[in-house]
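**Q** Coordinates for the following, if possible.
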Amino acid sequence: MGVREKVKSNIQRNLDRKYFKRLLGIIAKKPILYAYGSTFSSISSKYLNIYSIKHIRDTYNGEKPVGFGSLFLPFELFHATGISPFLPEIIAGFTAGLGIADKTLKKASSNWYSQDLCTFHRSASGAVEMDLFPEPSFIICTNLACDAAQKSFYHYAHNYGIEKNYCLLDVPYENNPRSVKYLAGQLKRLAEKITASAGKKIDMESFADTIKLSNEFREWALKINNIRKKLLDYPPDFSGLDFILPFHGLMGTEGAVELYKNVYQELNALLAKQEENTDAGRRQPKRMLWMHLKPYYKNEIFETINDGNCQIVFEEINNIYWPRLDPEKPFESLALKMLSHPLTGKASDRTAALGRMADDYNIDGAILFTHWGCRQSNGSARIIKDYFKKRGIPVLVLDGDCVDKSNSAAGQIKTRLQGYIEILNSI
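**A** Got it, this is the predicted structure:
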């Protein structure tokens, strides 16, 4: 049994917050952490895991107050105000990868969480009920895209007895100057509340530094995305869908910048090698766009795609949709960032963004993974399919579950995927 398998097995046997804290404290020590990182087959995977583990360790060690945050928040605000962000929805994906989602989902069901609730939220709720997460000082969410977060996050606040520190950011439907002002005011008041709890005032220099790091992250992410417009040969086991934690939760930190710099260097070296060794007789793979998220438990989806001479060349979640932020106007900048998200407002905003991705990455086909219980994404499936059909790009709407493997028919998914790939390769 390898190192990673042993860690996974130990976690499955010891579902206890104190054990997680001890384990993370051991793994996150530099020599052990880098030895653990060396078990991964690429630089990208190595540094992704190193920085993810370091961040999660920091949320458990109690050195800084922890804030639970929903996926679409601007986490620069957390870093600038000195709270360590913990993203329950993303960690719920980890529960699937670690093989403990069956237990967290069972716990949620025993406490009467609805079966039609998104399993990211249901698994996270079960973990809260089992006291597996670090204890938060603040719980913050937004109504952007996800309606489940508002309700489940309030229930977490009730569980931890911190209802007064539950904050809901109301994101307007339209992106205009009035909306920016309204949302920026909420962000400023939230920052004031967080800092006042520590007996401090807002440190605008800290905000400016955080915004500058966020902009630096954005530049490296754009460079990576530009490389991917041409790149065909990726590092072993590379998946852009694995970068959801740093892309959302670590923006505004030096760690996120360092991670993306390393990813860029690895992908850029592969692109240079690809351009030096052009093979005129090589069969070009079909270029695919992945929409929404992926199953985080073991599955055959991506092996099937690669075996069918297809390549996921870009993922919707890695789209840089916001403009460069202004360090002198942090609240207005972060408000504009949220309002610029393609899932804010009309479904046509999302299809327009997807259309730009299709153009930029020369897409042949696209897959929309319709995760169980995700109303905001699944509700626009037909609109997206019809939009791409007019452009001559076939779309596979693949029904499944990102967290609960018992809620996905693996055989049916593989059959549908193989049929779609056959159609794609015939075009």
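
**Q** where does the chain have low pLDDT?
**A** Across the chain, the ranges flagged by pLDDT under 70 are 1, 279-282.

**Q** Does the spatially most central residue of it lie in a helix or a strand, and which?
**A** Centroid check for the chain by Cα atoms, centre = their mean gives I244 as the closest residue, at 2.4 Å. Secondary structure assignment for I244, by DSSP states H and E: helix 244-249.

**Q** give the contact list for A108.
**A** By Cβ atoms under 8 Å, 6 or more residues apart in numbering, the residues touching A108 are 122-123, 125-126, 129. To be clear about C-beta, it is placed using only N, CA and C from the backbone, and glycine gets the same treatment.

**Q** Name the nearest residue to it, sequence neighbours excluded.
**A** Spatial nearest neighbour of A108, excluding adjacent residues (Cβ to Cβ, 6 or more residues apart in numbering): G126 at 3.7 Å.

**Q** I figured that neighbour hits W112, correct?
**A** No - judged on Cβ atoms under 8 Å, G126 makes no contact with W112 at a distance of 11.7 Å.

**Q** hang on, the earlier thing: can you report how many residues neighbour the residue nearest to A108?
**A** Using other Cβ atoms under 10 Å, the number of residues around G126 comes to 26.

**Q** And the one helix or strand it maps to, what does it pack against?
**A** Element membership of G126, judged by DSSP H and E, is helix 119-129. Applying 3 or more Cβ pairs under 8 Å, 6 or more residues apart in numbering; DSSP states H and E, one finds that helix 119-129 contacts helix 88-97, helix 101-110, helix 148-160.

**Q** how about a markdown table for the ones you listed, with distance to P235 added?
**A** Below are those laid out as a markdown table (distance: least, Cβ to Cβ, whole Å):
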| stretch | distance to P235 |
| --- | --- |
| helix 88-97 | 19 |
| helix 101-110 | 27 |
| helix 148-160 | 33 |
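
**Q** Which one of the ones you listed lies nearest to R218?
**A** With Cβ to Cβ as the measure, helix 88-97 is the member of these nearest R218 (19.6 Å).

**Q** Name the surrounding residues that touch that closest one.
**A** Contacts for helix 88-97 (Cβ under 8 Å, 6+ apart): 56, 68, 70-71, 101, 104, 119-124, 127-128, 133, 146, 149, 152-153, 156, 244-245, 248-249, 293, 295-297, 402-405.

**Q** Could you tell me the angle between that helix and helix 119-129?
**A** Counting by axes from the mean of the first three to the mean of the last three Cα atoms, to 10 degrees, helix 88-97 lies at 90 degrees to helix 119-129.

**Q** then helix 88-97 to CSV, C-alphas only?
**A** C-alpha atoms of helix 88-97 as CSV (Å, rounded to 0.1, in the frame of the first residue of the first chain):
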residue,chain,number,x,y,z
PRO,A,88,-17.4,23.2,2.7
GLU,A,89,-18.7,22.5,-0.9
ILE,A,90,-15.1,21.8,-2.1
ILE,A,91,-14.2,19.7,0.9
ALA,A,92,-17.4,17.7,0.2
GLY,A,93,-15.7,16.8,-3.1
PHE,A,94,-12.7,15.6,-1.0
THR,A,95,-15.1,13.4,1.0
ALA,A,96,-15.9,11.6,-2.2
GLY,A,97,-12.2,11.2,-3.2
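
**Q** List the buried residues for that helix?
**A** 88-96 (16 or more other Cβ atoms under 10 Å).

**Q** Identify, from those residues, the entry nearest to N277.
**A** Looking across the buried residues of helix 88-97 and measuring by Cβ to Cβ, the closest to N277 is G93, at 36.1 Å.

**Q** Can you pull out the residues in contact with the host helix or strand of K273?
**A** Per DSSP H and E, K273 falls inside helix 254-276. By Cβ under 8 Å, 6+ apart, the residues outside helix 254-276 that reach it are 42-44, 47-48, 51, 54-55, 213, 216-217, 220-221, 223-224, 227-228, 230-235, 246, 250.

**Q** Stretch 20-34 now?
**A** So stretch 20-34 is contacted by 7, 10-11, 14, 36, 50, 53-54, 56-57, 60-61, 132, 134 (Cβ under 8 Å, 6+ apart).

**Q** For the closest residue to N111 other than its chain neighbours, the count of nearby residues, please.
**A** Closest residue to N111 apart from its sequence neighbours, by Cβ to Cβ, 6+ apart: E129 at 5.5 Å. Using other Cβ under 10 Å, E129 is surrounded by 17 other residues.

**Q** gap between the helix holding K273 and the chain center?
**A** 20 Å (Cα atoms, centre = their mean, to the nearest Å).

**Q** same question, stretch 386-405
**A** 19 Å.

**Q** With stretch 344-358 instead?
**A** Counting by Cα atoms, centre = their mean, stretch 344-358 comes out at 18 Å from the chain centroid.

**Q** Show me which parts of it are buried, residue by residue.
**A** The neighbour-count check on stretch 344-358 (16+ other Cβ under 10 Å) flags 344-345, 347, 349-351, 353-355, 357-358 as buried.

**Q** Stretch 332-344 too?
**A** 332-339, 341-344.
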